[in-house]
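Trainee: Fold the stuff below for me.
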Amino acid sequence: MGRDSSSGSGMSESVLRKVLLSYFYVGIWIFLSFSVIVYNKYILDPKMYNWPYPISLTMIHMTFCASLAVLLVRVLRLVDLPSSPTMTRELYVSSVVPIGALYAFSLWFSNSAYIYLSVSFIQMLKALMPVAVYSISIFLNKEAFRSSTMANMLSISLGVAIAAYGEARFNTLGVVLQLGAVAFEATRLVLIQVLLSSKGITLNPITTLYYVSPCCLVFLTLPWAIVEFPMLRSTPAFHFDFLIFGTNSFCAFALNLAVFLLVGKTSALTMNVAGVVKDWLLIAFSWSVIRDTITTINLIGYGIAFLGVAFYNHVKLQALKAKEAQKKSAPNDEEARSLMEERISDGIGRKNDSQA
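Mentor: Okay, the predicted model is just below:
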C-alpha cells in the first residue's frame with residue numbers, strides 16, 4: 001500500500017509540475033506578445049513616440065532577427081548541435097520565398113494599422129483569423145466544407161461586424177490594412193502546411209528566422225524605397241534611438257522563441273486559447289491605460305465573436321481528444337487480436353495433443 005501511495009504521490013507531483021510549466025509558458029508568451037503589440041503601438045502612433053514608418057520598423061525587426069538567427073545557427077553548428085534541416089535552392093524558392101513574401105506583407109499591414117486604429121479594435125478584428133484560415137483551407141482543398149463550421153465562422157464574422165459598427169474611431173484605411181494583414185497571415189499559415197509540412201520540413205523559430213527574415217527584407221525593400229525612404233530623407237533631424245529600437249527588436253525576436261516554446265511544450269490549441277486571454281487583457285489595457293474609447297456595442301460584438309472562437313476551439317479540442325483516443329485504442333485492439341490468435345493456436349495445439 002505504501003508503494004502505491006508513493007506512486008500516486010509521485011504521479012500527482014509530475015502532473016502538477018507539467019500544469020505549472022504549461023502556465024509558465026503561457027505567461028511568457030502572453031507577456032511578450034502583449035509587450036510587442038503595445039511597444040509597436042507606442043512607436044508608430046502619432047500621439048505617442050510619433051515614428052509612423054511601419055515598413056522601416058518591420059525591416060529593423062527582420063534585420064535584427066536575421067542577424068541573431070545567423071549567429072545562433074553558426075554557434076549550434078560549431079558545437080555539433082542540429083541547427084537547420086537540409087534546404088535546397090529549389091525548396092527555398094518554391095516554399096520559403098512565398099511564405100516569406102506573405103510574412104513580409106502581413107507584418108507591414110499589421111504594423112501600419114496601429115497608426116490608424118486603437119489596440120482594442122485591432123484585437124477585435126484579429127478574431128477573424130479562424131474564419132480566414134478555414135476559408136483559405138477550403139479553397140486550397142486542405143479542409144472539407146462543413147455547414148456547422150461555416151455557421152460558426154459566420155457567427156464570428158457577425159460579432160466582428162457589430163464591434164466595427166460600434167467603433168468610435170473607425171478608420172476605413174486602418175480596417176482595410178488590418179483585414180489585409182489577417183488575410184496574408186492566414187494564407188501564410190495554410191501554405192506552411194501545404195509547402196513545408198507536406199514535405200516533412202519542420203522549422204524551429206531560429207531556423208525560420210534564418211531562412212525567412214532575409215526573404216522578408218528583400219520583399220520590403222521596394223515598397224520601402226517608394227513609400228518611406230523619401231519621407232525619411234526629408235526629416236534629417238531624426239536620430240536613431242538604439243535603446244528604443246533595440247529593445248523593441250529583441251522583444252520581437254523573443255516572441256518568436258516563445259511561440260515555439262509554447263507550441264512545442266503544450267500545443268497550438270493552447271496558444272489559441274491563451275490568445276483569447278491576451279486579447280481581453282489588451283482590450284482592458286487599451287481602455288484603462290491608453291484611454292482608448294470602447295463602446296458597449298464594441299464589447300457586445302466582440303463578446304459574440306469571442307463565443308464563436310471559444311466554440312471553435314472547443315470543437316477542435318474534442319476532435320483532438322477523439323484522435324488521441326483512436327491512436328491509443330489501436331495498439332490495444334492489435335494486442336487483443338494477437339492474444340486471441342495465440343489462444344486459438346494454443347487451443348488447436350491442445351486439441352491435436354489430445355487427439356494424438
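
Trainee: Flag the shaky bits of the stretch 251-356 of the chain, pLDDT-wise.
Mentor: 264, 267-269, 328-356 (pLDDT under 70).

Trainee: go again using 80 as the cut-off
Mentor: Within the stretch 251-356 of the chain, the stretches with pLDDT under 80 are 260-273, 316-317, 319-321, 323-356.

Trainee: cool, and the stretch 1-150 of the chain?
Mentor: Short version for the stretch 1-150 of the chain, where the test is pLDDT under 80: 1-19, 76-87.

Trainee: which residues does the nearest residue to Ile290 once chain neighbours are set aside contact?
Mentor: Leaving aside its sequence neighbours, Ile290 sits nearest to Val119 (CB to CB, 6 or more residues apart in numbering; 6.4 Å). Bear in mind the C-beta positions are built from the backbone N, C-alpha and C, glycine included. The contact partners of Val119, taken as CB atoms under 8 Å, 6 or more residues apart in numbering, are 37-38, 41, 282-283, 285-286, 290, 292.

Trainee: What of Lys126?
Mentor: Shown in contact with Lys126 (CB under 8 Å, 6+ apart): 178, 182, 279.

Trainee: quick check, nearest of the contacts of Val119 to Phe311?
Mentor: Ile283 (19.7 Å; CB to CB).

Trainee: Grab the nearest non-local neighbour of the closest one.
Mentor: Ser120 (4.4 Å).

Trainee: What separation do you get for Met87 and Met62?
Mentor: Note on Met87: its distance to Met62, by CB to CB, to the nearest Å, is 18 Å.

Trainee: What of Glu324?
Mentor: 38 Å.

Trainee: Ala127 now?
Mentor: Distance from Ala127 to Met62, by CB to CB: 27 Å.

Trainee: burial count for Thr221?
Mentor: 14 (other CB atoms under 10 Å).

Trainee: any idea whether the spatially closest residue to it that is not a sequence neighbour is helix, strand or coil?
Mentor: Leaving aside its sequence neighbours, Thr221 sits nearest to Met59 (CB to CB, 6+ apart; 7.9 Å). Under DSSP: H, G, I helix; E, B strand; the rest coil, Met59 falls in the helix class.

Trainee: that older thread, in which helix or strand does the residue nearest to Ile283 reside?
Mentor: helix 119-126 (DSSP states H and E).

Trainee: Comparing Met87 and Met62, which shows the higher neighbour count?
Mentor: Higher neighbour count among Met87 and Met62: Met62, with 26 against 15, using other CB under 10 Å.

Trainee: separation between the more buried one and Thr207?
Mentor: Distance, Met62 to Thr207, by CB to CB: 15 Å.

Trainee: Give me the contacts around stretch 238-246.
Mentor: 43, 49, 51, 57, 60, 64, 232.

Trainee: these two touch, right, Ser33 and Asp279?
Mentor: No - assessed by CB atoms under 8 Å, Ser33 is found out of contact with Asp279, at 9.8 Å.

Trainee: Tell me where the stretch 101-250 of the chain has helices.
Mentor: 119-126, 129-139, 147-165, 172-191, 205-223, 229-233, 242-265 (DSSP state H, counting those that start in this stretch).

Trainee: Quick check: nearest residue in space to Leu191, chain neighbours excluded?
Mentor: Spatially, and ignoring its direct neighbours in sequence, Leu191 is nearest to Ile99 (5.6 Å; CB to CB, 6+ apart).

Trainee: OK, contacts around that neighbour?
Mentor: 188, 191-192, 195-196, 212, 215.

Trainee: wait, what's in contact with Val38?
Mentor: 119, 282, 285.

Trainee: ugh, typo on my part, it should be Leu220
Mentor: 55, 58-59, 62, 104, 108.

Trainee: next one: Val96
Mentor: 87, 211-212, 215.

Trainee: mind checking how far it is from Lys142?
Mentor: For Val96, the distance to Lys142 equals 19 Å [CB to CB].

Trainee: what comes up buried for stretch 26-33?
Mentor: Applying a neighbour-count criterion of 16 or more other CB atoms under 10 Å, one finds 26, 28-33 buried in stretch 26-33.

Trainee: From Val176, how far off is the nearest residue to Tyr53 once chain neighbours are set aside?
Mentor: Leaving out its chain neighbours, the residue that sits closest to Tyr53 by CB to CB, 6+ apart is Glu228, at 5.0 Å. To Val176, Glu228 is 19 Å away according to CB to CB.

Trainee: Pick out whichever of the two has more residues nearby.
Mentor: Under the neighbour definition other CB under 10 Å, Glu228 and Val176 were set side by side, and Glu228 has more, 18 against 14.

Trainee: List the residues that contact that one.
Mentor: Shown in contact with Glu228 (CB under 8 Å, 6+ apart): 53, 55-56.

Trainee: Columns distance to Val19 on top of the helices of the stretch 101-250 of the chain, output as CSV?
Mentor: As requested, the helices of the stretch 101-250 of the chain are arranged in CSV below (distance: least, CB to CB, whole Å):
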stretch, distance to Val19
helix 119-126, 27
helix 129-139, 26
helix 147-165, 29
helix 172-191, 28
helix 205-223, 24
helix 229-233, 49
helix 242-265, 12
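
Trainee: Which one, of these, ends up nearest to Phe306?
Mentor: Closest among the helices of the stretch 101-250 of the chain, using CB to CB: helix 147-165, at 7.2 Å.

Trainee: Now the closest one: buried residues?
Mentor: Buried positions in helix 147-165, judged by neighbour count with 16+ other CB under 10 Å: 149, 152-153, 155-157, 159-160, 162-164.

Trainee: Thanks a lot, see you next time.
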